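Participant: What would the 3D arrangement of this be:
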Amino acid sequence: MGSNWKKRFEQAVLEILRHSPVPEDYAHALNVRQWVQRLDGQASEALQLAALAHDVERAVPDRKVRRQDFEDYDDFKRAHAENSARMVEELLREVGAPAAIRKRIVELVRHHEFGRNGDPEAALLKDADSLSFFETNLGAYAQREGEAEALRRMRWGYRRLSPLARTHFPGIHPAEPKAAALMKRFLSEPPQKNNDSR
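Facilitator: This next block holds a predicted model:
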């Protein structure tokens, strides 16, 4: 399979993310791809590209889904994933990606928030996305949304981690002081507040 389309796709995605009004988007995309590679040393090309592009809609203000339009957070996240999938499909068509891998990348982006029964790659992308939130997004998210909302988002993100991903969780030590303080506070909470198995 020729890789010219892949290079152009990566460049297009990173260019969009580089100009995102959400400051952590670019670093998060790269970090999610790194987590995918760490969780699966044989991660497929489709999975790695989906990891890079999974949040692309968030970087385009006039196309992004707005949290305030949804009462339920999970509904918002589903709409976000669906919108990213649409944009990823457009980009893949523009660069001439082969139909089969295009379909797979779009499918993975569509399910990156909650996984998909019987699809280990979708589950792995969900885990990589969640772990990366704690590692790269937390400080900026807390600065923007406040500590109470950041803690709520941390609980939500932790609950969706698989048992495998939870084994990696203790190794996450954000460098940003606000994020590090929030992690310490989160880890001191009673386990049932986040998940009975923590």
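
Participant: In contact with the residue nearest the centre of the chain: list those residues for me.
Facilitator: Nearest to the centroid of the C-alpha atoms of the chain, with distances taken as CA atoms, centre = their mean, sits D129, at 3.3 Å. Counting by CB atoms under 8 Å, 6 or more residues apart in numbering, D129 makes contact with 32, 35, 51, 54, 112-113. To be clear about C-beta, it is placed using only N, CA and C from the backbone, and glycine gets the same treatment.

Participant: Quick check: the two most widely separated of these?
Facilitator: By the measure CB to CB, W35 and E113 form the most distant pair in the contacts of D129, at 15.1 Å.

Participant: Other residues contacting the helix ranked longest in the chain?
Facilitator: Looking across the chain with DSSP state H, the single longest helix is helix 73-95. Contacts of helix 73-95 from elsewhere in the structure, counted by CB under 8 Å, 6+ apart, are 5, 8-9, 12-13, 50, 53-58, 60, 63-65, 67, 69-70, 102, 105-107, 109-114, 156.

Participant: Looking at those, which are in strands?
Facilitator: Among these, no member is found in strands (DSSP state E).

Participant: Tell me, how many residues neighbour the residue nearest to P21 when sequence neighbours are not counted?
Facilitator: Closest residue in space to P21, ignoring its immediate chain neighbours: P61 at 6.0 Å, by CB to CB, 6 or more residues apart in numbering. P61 has 10 neighbouring residues, counting by other CB atoms under 10 Å.

Participant: Begin at 44 from now on, thanks
Facilitator: New numbering, starting at 44: the last item is P104.

Participant: quick one: pLDDT of P104?
Facilitator: P104 is assigned 95 on the pLDDT scale.

Participant: And L204, by the same measure?
Facilitator: Note for L204: predicted pLDDT of 96.

Participant: now swap in the one 4 residues further on and tell me
Facilitator: A208 is assigned a predicted lDDT (pLDDT) of 96.

Participant: where does the protein dip in pLDDT?
Facilitator: Within the chain, the stretches with pLDDT under 70 are 44-46, 234-241.

Participant: can you pull out the helices in it?
Facilitator: Counting by DSSP H, the helices of the chain are 47-61, 68-82, 88-96, 116-138, 142-153, 163-175, 181-188, 190-202, 206-211, 220-231, 234-237.

Participant: returning to that earlier point: can you mark which positions in the longest helix of the chain are buried?
Facilitator: If you call a residue buried by 16 or more other CB atoms under 10 Å, then helix 116-138 has these buried ones: 119-124, 126-128, 130-132, 134-135, 138.
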